[in-house]
Each structure stands twice: as structure tokens, then as C-alpha cells.
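> Return a 3D structure for these sequence lines:
(one chain, ligands or ions: 1)
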Amino acid sequence: MSHKIIPVPEFDYFVFGGTGDLARRKLLPALYYRFADGQIPESARIIGCSRTDLDDIGYRQLVEDALKEWIKGNDLDEQLLDGFLSIISYQRIDVSDPNSWKDFERNASPTNPDRITVYYLSVSPSLFLPIIQGLKDNGLHHHARLVVEKPLGFDLKSAQELNGFLLDAFDESRIYRIDHYLGKETVQNLMALRFANSLFEPMWNARYIANVQITVAESIGMGGREEYYDRSGAMRDMMQNHLLQLLCLSAMEPPVSYKPDHIRDEKLKVLRSLQPLVGDDIRLNTVRGQYVENDNDPSYRQEAKNPGSNTESYVAIKASINNWRWSGTPFYLRTGKRLRANMAEISFEFRHAPHSIFTGLDTPIKPNAMVIRLQPDERIDLEVMTKEPGPGGMRLRQSILDATFGGGSNSQTDQGFRMPDAYERLLLDVVRGDQTLFMRGDEVEAAWCWVDSIIEGWALSGEVPETYEIASQGPAGAFELIAKTEHRWRTIQ
Ligand code: BG6
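Residues are numbered from 1 along each chain as shown. Purely as a prediction, here's the structure:
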């Protein structure tokens with residue numbers, strides 16, 4: 001496998017929230033890997049920004065500690081680390097203090113106005129507004145690019161307000177709304193598979209595909225973000241963004257080209273074709289769950305320190321896409337915390353062969369499936385029926401054709417290729433000015449529109465989430481939901 005490192009032009013990357021968890025765990029390691037691969041010029045600057053009282057030396061120490069904690073195996077090279085630290089600096093800022101912005105402008109603004117400038121907001125959404133206002137008031141927003149992390153709003157109304165505010169200071173063409181799922185290699189490979197091959201397209205519709213399942217199951221709990229999560233729940237935290245984005249890429253029409261707006265136009269059409277769930281449809285097509293304690297682990301409510309919480313830590317939805325391609329194919333979506341395993345996959349299950357010549361066999365003929373696996377390992381499997389080898393007459397078995405194209409994240413494959421983390425790709429796409437893997441404002445709003453009516457329906461019903469056991473497959477209701485059809489959930493394992 002050959003891979004190509006194309007160096008990017010010099011840039012200034014301002015990371016607001018530069019001392020925070022996401023910066024330490026994901027952003028700085030991702031930038032280190034790109035630097036180590038020779039993609040980032042030594043004249044680039046990465047400037048951590050936060051309220052913490054630190055200087056350059058203190059921040060470099062924080063970065064070094066973070067890299068030592070989060071970079072695996074032997075990937076951290078002492079010499080490269082020194083080089084990387086030399087492009088790191090720190091700017092203390094209290095974003096609500098105009099004087100602090102003056103210091104920021106004096107110390108941190110680029111000397112050359114043509115230099116690519118990126119402001120990455122890895123901060124609580126309550127700080128979006130003061131930061132953007134500060135950039136604007138100090139004239140720092142001209143020509144710069146802005147990266148915003150979810151949550152991008154809490155509902156449609158707040159998402160529209162946020163979009164309005166962002167667009168007041170930045171052009172849509174300079175706003176990068178991150179959904180890190182779009183940066184995952186397998187997700188991009190889904191597009192390659194669909195649109196660089198003629199093999200699948202004729203079958204990529206309701207006539208041949210019986211159902212699509214999108215699962216993002218996590219075995220972990222809220223991971224220290226209890227306060228945020230308890231306000232959001234699985235619907236806002238995962239479904240509104242990651243799962244709906246995966247659904248869009250699975251279901252969209254072939255775009256005219258691989259240009260950002262051509263792809264985003266097609267994704268938007270999918271979101272707008274989603275059958276709205278209202279009234280009784282919500283009870284019939286959605287399930288919420290919340291995990292309960294066992295001998296070793298606390299319940300959701302204990303972990304959230306909110307004994308009366310009715311926030312869902314699990315959600316399953318049977319969604320329908322109202323268009324010619326997908327009418328009649330349900331899309332089952334589910335996500336949850338503290339389930340049996342970490343497993344993220346999209347499965348396309350095909351319809352049975354119209355007639356079977358193999359009658360009277362012990363093994364039932366299982367439908368074909370294409371499974372795009374994102375986690376824990378990135379791979380693509382084709383599940384097909386084959387003959388069991390050897391004598392003994394015609395016996396069939398299910399075989400998996402493994403279309404694995406690389407090792408798991410951050411591991412070396414046989415070809416010496418390390419699967420990059422999603423953030424590596426996305427962070428440098430911003431520098432390259434490529435918005436293909438970022439969400440446009442109208443997509444975010446369309447997703448909220450669909451999600452909002454379900455959340456409102458839940459609130460009106462007065463019902464509470466069903467309970468489920470930690471390390472299980474999820475609440476019983478999710479199985480009842482699918483049992484009404486001829487389909488079955490794939491096992492979380
Ligand atoms: C984040 C959610 O966006 O995605 C988290 O806020 C979740 O709750 C995480 O754990 C999952 O990301 P990944 O890449 O580990 O699947």
C-alpha cells in the first residue's frame with residue numbers, strides 16, 4: 001500500500017481549550033503524528049489558548065505529558081518530539097475580558113496576513129459566543145478559518161441561532177463543523193466503495209437491501225462528562241450527529257463530484273427525506289434506555305449524580321427514508337453507553353435469493369450482508385453462503401469475505417501503514433481548505449429538525465427510559481421494536 005504525504009502550507013493553529021481533555025487526548029497527538037510524517041512545516045505555529053496561567057515552557061510540558069500518555073508504542077520519537085515542541089506556544093486568555101483580547105492580538109496574531117490562520121474551538125459551547133465576538137471585535141476573523149466541535153446547538157432553535165452567529169463573523173466557506181466520525185478511514189472508504197465501483201450501485205436500493213443497521217455501541221460510561229451528558233443524552237450526543245451522518249453517507253445519491261458542496265447537497269437531501277416521527281409513531285419506532293447498577297458498577301443515575309434523571313443512555317430508532325431508492329428499507333439506528341462491547345458498524349443486509357435450489361439442508365441460508373466496521377477494528381466484511389469444503393454432500397455455511405484494508409487505529413499493518421486517527425485527517429483538511437468531511441449549517445439544522453420532534457414526543461408522553469443491564473445488548477424494548485418485523489439486530493460483540 002502506498003501512501004502519500006503532501007506537506008501543507010505554513011499555518012497558525014490557535015487551539016482554544018488547548019489545556020482541555022480533547023486537546024490532550026486527540027488534537028495534539030493528531031498534530032504530532034502529522035508533524036512526524038513531515039506534513040507540517042517547521043515554520044507552522046500551534047498556539048494553545050486557555051485561561052490557565054501558563055507560559056510557553058509550562059504549556060510545552062503539558063503537551064509533552066499528553067503525548068506520552070496518548071501516543072502508543074514507539075511512535076513517540078525524542079528528536080521529533082523536540083521539533084514538534086518547538087512549534088508549540090501558549091497564549092493565556094480570558095475570553096470575556098477585552099484587555100485579555102488586546103494581549104492576545106499583540107502577542108499571537110500572525111505577522112503575515114496571508115498566512116493560514118485557524119481558530120479551533122475545543123471549548124464548552126457557552127464560550128463559542130464570547131470567543132467569536134472577541135475575534136470579531138479585534139478584527140482577527142478576517143480570512144481566518146473557524147473549527148467548531150459539537151454540540152452544535154441543543155435543538156433546532158439554538159442551532160439556528162448558533163449558525164446565525166457564526167455566519168455573522170465567518171463565511172460558510174470558512175466554517176468547519178467537525179463530526180469526527182467523518183474523518184474515520186472506513187467512513188471515507190464507504191464513499192470509495194459506493195462511488196468508485198460499479199459492482200454495488202445496481203444493488204444499492206430497497207429492491208435488494210432488506211435493511212440497514214447502524215450501531216455505535218460503547219462499553220464505557222460517560223467518561224467524566226456527566227454534567228454535559230446528563231443534559232444531552234444519547235439522542236443529542238450521538239444520534240443527531242454521528243449516526244445521522246453515517247446514515248447520510250450510506251443512503252445518499254451519487255454526488256456529481258467529490259467536491260464539498262456536491263456531497264453535502266446529497267447528504268442534506270437524505271436528511272430531508274427522513275420520515276418525520278410524530279405522535280404514535282414515536283412510541284412505535286423509538287426506544288430509550290438507561291443502565292442500572294450491578295454488583296460492581298454504578299447505575300446511570302448514580303454515575304450522573306442525578307437520582308431522578310430520565311436522560312437516555314441508549315436509543316434505538318427505526319427510521320424510514322422517503323425516496324425512490326429507499327422506500328421499503330428500514331434503517332435501524334442504535335447507540336448506547338455501557339453495552340456489551342465497543343462496536344461501531346453499518347450493515348447492509350440483502351434480501352434473500354428469490355428462489356432456493358438448496359432444500360432440505362441442515363443449515364439455513366442466511367441473507368448476504370456487507371458490514372462496514374468502524375470499531376474496534378476498521379474493516380469491511382461480505383457475508384456470503386459458500387459450500388462447506390470436503391466430502392459429505394452439498395453442505396452450506398456462512399463465510400466472511402474479508403475486505404480488510406488496514407490495521408486498527410494507530411497500528412502497523414503488514415504494509416507498514418498506520419491507520420490515522422480521524423482527527424489527523426480533519427485537522428489538516430482545515431489547513432488545506434477542504435470542507436468535504438465537515439458539516440454544513442443546513443445539514444446540522446435538518447438533523448436537529450428530525451431529532452427535535454422525537455425528543456418533544458418523548459417529553460409529552462411522560463414515559464421514562466426503560467432500564468437495561470450493564471454489558472448487555474440493550475433494553476428489551478429494542479428487541480420488541482425489531483421483532484415486529486422480519487429483521488433482527490446484529491449482536492453487539
Ligand atoms: C463523542 C461523544 O462525540 O463520540 C462521546 O460525545 C462518545 O460520548 C464519542 O464516547 C465516541 O467516539 P469514538 O470515536 O470513540 O467512537
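> Please count neighbours and contacts with C-alpha atoms only from this point.
Fine.
> what's the offset of the longest helix seen in the chain from the middle of its chain?
Ranked by residue count and defined by DSSP state H, the top helix of the chain is helix 441-461. Distance of helix 441-461 from the chain centroid (CA atoms, centre = their mean, to the nearest Å) equals 18 Å.
> tell me which residues in it are buried?
441-455, 457-458 (16 or more other CA atoms under 10 Å).
> now do stretch 276-291
Neighbour count says stretch 276-291 has 276-278, 282-283, 285-291 buried, by 16+ other CA under 10 Å.
> and it, average pLDDT?
On average, the pLDDT along stretch 276-291 is 97.
> One more: stretch 238-247?
Across stretch 238-247, pLDDT averages out at 98.
> residues contacting the residue nearest the centre of the chain?
Compute the mean C-alpha point of the chain, and by CA atoms, centre = their mean the closest residue is residue 181, 2.5 Å away. By CA atoms under 8 Å, 6 or more residues apart in numbering, the residues touching residue 181 are 187, 242, 245-246, 422.
> how close does it sit to residue 235?
Distance from residue 181 to residue 235, counting by CA to CA, to the nearest Å: 16 Å.
> How about residue 199?
In terms of CA to CA, residue 199 sits 35 Å off from residue 235.
> One more: residue 289?
11 Å.
> who touches both of those two?
Counting by CA under 8 Å, 6+ apart, the contacts common to residue 289 and residue 235 are 312, 314-315.
> I'd like those residues as a markdown table, with secondary structure and distance to residue 295 appended.
Compiled in a markdown table, the shared contacts of residue 289 and residue 235 are given as follows (DSSP: H, G, I helix; E, B strand; the rest coil; distance: CA to CA, whole Å):
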| residue | secondary structure | distance to residue 295 |
| --- | --- | --- |
| 312 | coil | 22 |
| 314 | strand | 21 |
| 315 | strand | 24 |
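> And the strands in the stretch 151-300 of the chain?
Along the stretch 151-300 of the chain, counting by DSSP state E, counting those that start in this stretch, strands occupy 175-177, 209-217, 286-292.
> Nearest to residue 191, out of those strands?
Nearest to residue 191, of all those, is strand 209-217, at 15.8 Å by CA to CA.
> list the buried ones in the host helix or strand of residue 79?
Assigned by DSSP states H and E, residue 79 belongs to helix 78-85. For helix 78-85, burial by neighbour count (16+ other CA under 10 Å) applies to 80-81, 84-85.
> Look up phi and psi at residue 375.
Main-chain dihedrals, residue 375, degrees, to the nearest 10: phi -150, psi 150.
> what sits against it?
For residue 375, the contact set (CA under 8 Å, 6+ apart) comprises 342-345.
> From residue 241, how far out is it?
For residue 375, the distance to residue 241 - CA to CA - is 17 Å.
> Same question for residue 356.
41 Å.
> Then residue 183?
Per CA to CA, residue 183 is found 13 Å from residue 241.
> Compare those two (neighbour count), which wins?
Taking neighbours as other CA atoms under 10 Å, residue 183 and residue 241 compare with residue 241 leading, 25 against 22.
> Next one: the more buried one from residue 292, what distance?
Residue 241 is 26 Å from residue 292, where distance means CA to CA.
> What of residue 425?
Residue 425 is 38 Å from residue 292, where distance means CA to CA.
> got it, and residue 438?
Taking CA to CA as the measure, residue 438 falls 36 Å from residue 292.
> quick one, which of the two is more surrounded?
Ranked by neighbour count (other CA under 10 Å), residue 438 and residue 292 place residue 438 first, with 22 against 17.
> Tell me the confidence at residue 3?
pLDDT recorded at residue 3 is 65.
> which residues does the residue lying closest to residue 122 once chain neighbours are set aside contact?
Once flanking residues are discounted, residue 122 sits nearest to residue 17: 5.1 Å by CA to CA, 6 or more residues apart in numbering. Going by CA under 8 Å, 6+ apart, residue 17 touches 23, 48-50, 121-123.
> let's go with 6 Å and repeat that
50, 122-123 (CA atoms under 6 Å, 6 or more residues apart in numbering).
> ok, now how distant is it from residue 105?
Counting by CA to CA, the gap from residue 17 to residue 105 is 17 Å.
> ok, back up a step: could you check which of residue 199 and residue 235 has the larger neighbour count?
Ranked by neighbour count (other CA under 10 Å), residue 199 and residue 235 place residue 235 first, with 24 against 11.
> how much space between that one and residue 334?
Counting by CA to CA, the gap from residue 235 to residue 334 is 10 Å.
> now swap in residue 484 and tell me
Distance of residue 484 to residue 334, given as CA to CA: 16 Å.
> So for those two, which residue has more residues nearby?
residue 334 (27 against 10).
> Look up which residues are beta-bridged to the closest residue to the more buried one other than its chain neighbours.
Spatially, and ignoring its direct neighbours in sequence, residue 334 is nearest to residue 316 (4.1 Å; CA to CA, 6+ apart). On the basis of DSSP bridges, residue 316 is bridged to residue 287, residue 334.
> now the strands for the stretch 351-493 of the chain?
Secondary structure of the stretch 351-493 of the chain (DSSP E, counting those that start in this stretch): strands at 369-375, 379-387, 396-402, 466-469.
> cool, and the stretch 1-150 of the chain?
11-16, 45-50, 88-92, 116-121, 145-148.
> Is it possible to get CSV of the ones you listed that adds distance to residue 473, mean neighbour count and mean pLDDT?
Below are these laid out as CSV (distance: least, CA to CA, whole Å; neighbours: other CA atoms under 10 Å; pLDDT from 0 to 100):
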stretch, distance to residue 473, mean neighbour count, mean pLDDT
strand 11-16, 38, 22, 97
strand 45-50, 40, 23, 97
strand 88-92, 44, 22, 97
strand 116-121, 35, 23, 97
strand 145-148, 33, 21, 98
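> Can I get those strands in TSV including distance to residue 218?
Compiled in TSV, the strands of the stretch 1-150 of the chain are given as follows (distance: least, CA to CA, whole Å):
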stretch	distance to residue 218
strand 11-16	28
strand 45-50	30
strand 88-92	34
strand 116-121	26
strand 145-148	24
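> And the ones you listed: which comes nearest residue 401?
Ranking the strands of the stretch 1-150 of the chain by proximity to residue 401 (CA to CA) places strand 145-148 first, at 38.9 Å.
> helices or strands next to the closest one in the packing?
Using 3 or more CA pairs under 6 Å, 6 or more residues apart in numbering; DSSP states H and E, the elements in contact with strand 145-148 are strand 116-121, strand 175-177.
> now with 10 Å?
Helices and strands touching strand 145-148, by 3 or more CA pairs under 10 Å, 6 or more residues apart in numbering; DSSP states H and E, are strand 11-16, strand 116-121, helix 156-169, strand 175-177, helix 422-432.
> most packed of those?
strand 175-177 (a mean of 25; mean count of other CA atoms under 10 Å).
> Low-confidence ranges, the stretch 351-493 of the chain, go.
Along the stretch 351-493 of the chain, the parts satisfying pLDDT under 70 run over 405-416.
> With the stretch 101-250 of the chain instead?
In the stretch 101-250 of the chain (pLDDT under 70), the answer is 110-111.
> ranges for the helices of it?
Assigned by DSSP state H, counting those that start in this stretch, the stretch 101-250 of the chain shows helices spanning 128-137, 156-169, 185-195, 226-234, 244-251.
> Can I get the third one as CSV, trimmed to CA atoms?
Output in CSV follows, covering the C-alpha atoms of helix 185-195 (Å, rounded to 0.1, in the frame of the first residue of the first chain):
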residue,chain,number,x,y,z
GLU,A,185,-10.9,5.9,7.3
THR,A,186,-13.7,3.3,7.0
VAL,A,187,-16.3,6.0,6.6
GLN,A,188,-14.4,7.6,3.7
ASN,A,189,-14.0,4.1,2.4
LEU,A,190,-17.7,3.7,2.3
MET,A,191,-17.8,6.5,-0.2
ALA,A,192,-14.9,4.9,-2.2
LEU,A,193,-16.7,1.6,-2.2
ARG,A,194,-20.0,3.1,-3.3
PHE,A,195,-18.8,5.5,-5.9
